[in-house]
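[1] Next one to model:
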Amino acid sequence: MSLQLLKLGTLALKTLSKSVASRLKRQAAYAPKFRQFIVSIAQANHRITTRMQRRIYRAILIFEVQRSSRSEAKKEEARREELEAMKKRNEDLATQVELLRHKLEEVEQLAKRQGLAGIFKLKHANMEGENLAKPS
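    Take a look at the predicted model:
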């Protein structure tokens, strides 16, 4: 908000100074000492304006860099959280696979006890699935 007011004030000052400058130019044409005085004032005004603009632009640059770094930090944190969620999901899936393997082994043992191992061929089917998953 203050930056906008500063810009508005600078714009108003420039607008007013143009009309004053044109009037002074007409008067300076008649008096060389007055003209030199006006030139020195104009040069001082230019130096002051340039310094102010440089300082303002530095402050704006610092603000922009800080804003950008905060934005990048938020993005990095979101990426980290997403990676952690993916790792957790992977661990959960690995746990579920291991649990299913144990259950399959129990079913195979139960089938063996019941005399059904030859009918289902569970062990053989399990081995084929693992062989297909692992390229030679």
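[2] longest helix anywhere in the chain?
    What stands out as the longest helix in the chain, according to DSSP state H, is helix 32-114.
[3] Tell me how many other residues surround residue 56.
    Other residues within reach of residue 56, judged by other CB atoms under 10 Å, total 14. No exception for glycine: its C-beta is placed from N, CA and C like everyone else's.
[4] cool, and residue 6?
    The local packing count at residue 6 equals 12, with neighbours defined by other CB under 10 Å.
[5] Kindly report the same for residue 35.
    15.
[6] Double-check it against residue 29; I have them as touching.
    Yes: with contact defined as CB atoms under 8 Å, residue 35 reaches residue 29; the gap is 7.4 Å.
[7] about what we covered before: just checking, what packs against the longest helix of the chain?
    Helix 32-114 sits against helix 2-28, helix 117-120, helix 122-133, with contacts defined as 3 or more CB pairs under 8 Å, 6 or more residues apart in numbering; DSSP states H and E.
[8] In terms of mean pLDDT, which of those helices ranks lowest?
    Lowest mean pLDDT of those: helix 122-133, a mean of 53.
[9] count of residues packed around residue 37?
    13.
[10] now the one 3 residues further on
    Using other CB under 10 Å, residue 40 has 10 other residues around it.
[11] what does residue 21 give?
    Residue 21 has 15 neighbours, counted by other CB under 10 Å.
[12] Then residue 49?
    With other CB under 10 Å as criterion, residue 49 counts 14.
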